[in-house]
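Asks: Structure here, sequence nowhere to be found:
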């Protein structure tokens, strides 16, 4: 019979922890991707010319702890944040239909329709000098392309002149082969055309503040 009070204590403790977890989840500032203003640019090279692919669609959302002073001068260090970004593969265009067709084939675009990024960790590199200066982060996340997922770390800048909108900017250097993509080498011009493995990805992602919603 003495074990009953102990069980009640454990149940009560569990309930308190659950409520605490729900409260923590609810206290997030949410920013959702906007339908305009975002862009992705991929620059690469080949044996005959450099090339560029561009897109204007980046979906997803960014969430940050409501205690983090987005409109102030936060101290450097880890940031409690979550983010997911999605780019439809077919939204990427070079302006050359044949090149787009080759790109889609090599990216297995009929099977893997999206490029996905999920934030794993975020660290503010240094305190901004003013409340309008950009925030500069080191961000680590899972990047999934063509069915292959790798962990990448990149520098991310957050522009916050208008606190109703946050604009994230980042540049990442990646290799196609890291994601199982064989650089295209069209069977033309005696096979002398070869695409370089290294590409530079430039992202500008616009998000807008939403009302916080308690977890259900």
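Replies: Looks like it arrived, so ask away. In this text, all values refer to a predicted model and were calculated from it rather than measured experimentally. Numbering: from 1, shown residues only.
Asks: In this structure residue 81 contacts residue 63, no?
Replies: Yes. With contact defined as CB atoms under 8 Å, residue 81 counts as touching residue 63 (6.4 Å). Backbone N, C-alpha and C define where each C-beta goes, glycine included.
Asks: Could you name every residue contacting both of these two?
Replies: The contact sets of residue 81 and residue 63 do not overlap (CB atoms under 8 Å, 6 or more residues apart in numbering).
Asks: Run through the helices of the protein in chain order.
Replies: Counting by DSSP state H, one finds helices in the chain at the ranges 3-26, 97-106.
Asks: Lowest average pLDDT across those?
Replies: Comparing those by mean pLDDT, the weakest confidence falls on helix 3-26, with a mean of 43.
Asks: Please report how far the closest residue to residue 132 other than its chain neighbours lies from residue 84.
Replies: Distances taken as CB to CB, 6 or more residues apart in numbering place residue 161 nearest to residue 132, at 5.6 Å, with adjacent residues excluded. From residue 161 across to residue 84, the span is 24 Å (CB to CB, to the nearest Å).
Asks: Likewise for residue 141?
Replies: To residue 84, residue 141 is 9 Å away according to CB to CB.
Asks: how many neighbours does residue 130 have?
Replies: When neighbours are defined as other CB atoms under 10 Å, residue 130 has 7 of them.
Asks: Likewise for residue 177?
Replies: Residue 177: 12 surrounding residues under other CB under 10 Å.
Asks: Could you list which residues are in contact with it?
Replies: Here residue 177 is in contact with 183, 197 (criterion: CB under 8 Å, 6+ apart).
Asks: Flag the shaky bits of the chain, pLDDT-wise.
Replies: For the chain, applying pLDDT under 70 flags the ranges 1-26, 186-192, 212-216.
Asks: and residue 161 and residue 84? which has more neighbours close in?
Replies: residue 84 (16 against 11).
Asks: Please name the nearest non-neighbouring residue to residue 54.
Replies: Among residues not flanking residue 54 along the chain, residue 41 sits closest, at 5.1 Å (CB to CB, 6+ apart).
Asks: just checking, the one you found touches residue 52?
Replies: Yes. The pair residue 41 / residue 52 is scored as a contact, 6.4 Å apart, by CB under 8 Å.
Asks: so what sits against both of residue 141 and residue 84?
Replies: Residues touching both residue 141 and residue 84 comprise 117, 118, 119, with contact defined as CB under 8 Å, 6+ apart.
Asks: Against residue 151, how distant is residue 123?
Replies: 15 Å.
Asks: Neighbour count for these two, which is higher?
Replies: Using other CB under 10 Å as the criterion, residue 123 and residue 151 rank with residue 123 on top: 14 against 10.
Asks: give the contact list for that one.
Replies: Counted by CB under 8 Å, 6+ apart, residue 123 has contacts 76, 77, 78, 79, 137, 138, 139.
Asks: Next: residue 201.
Replies: Contacts of residue 201 by CB under 8 Å, 6+ apart are 40, 41, 42, 171, 172, 173, 174.
Asks: Report the beta-bridge partner residues of the first one.
Replies: This points to residue 40. Assessed by DSSP bridges, residue 40 has beta-bridge partners residue 55, residue 203.
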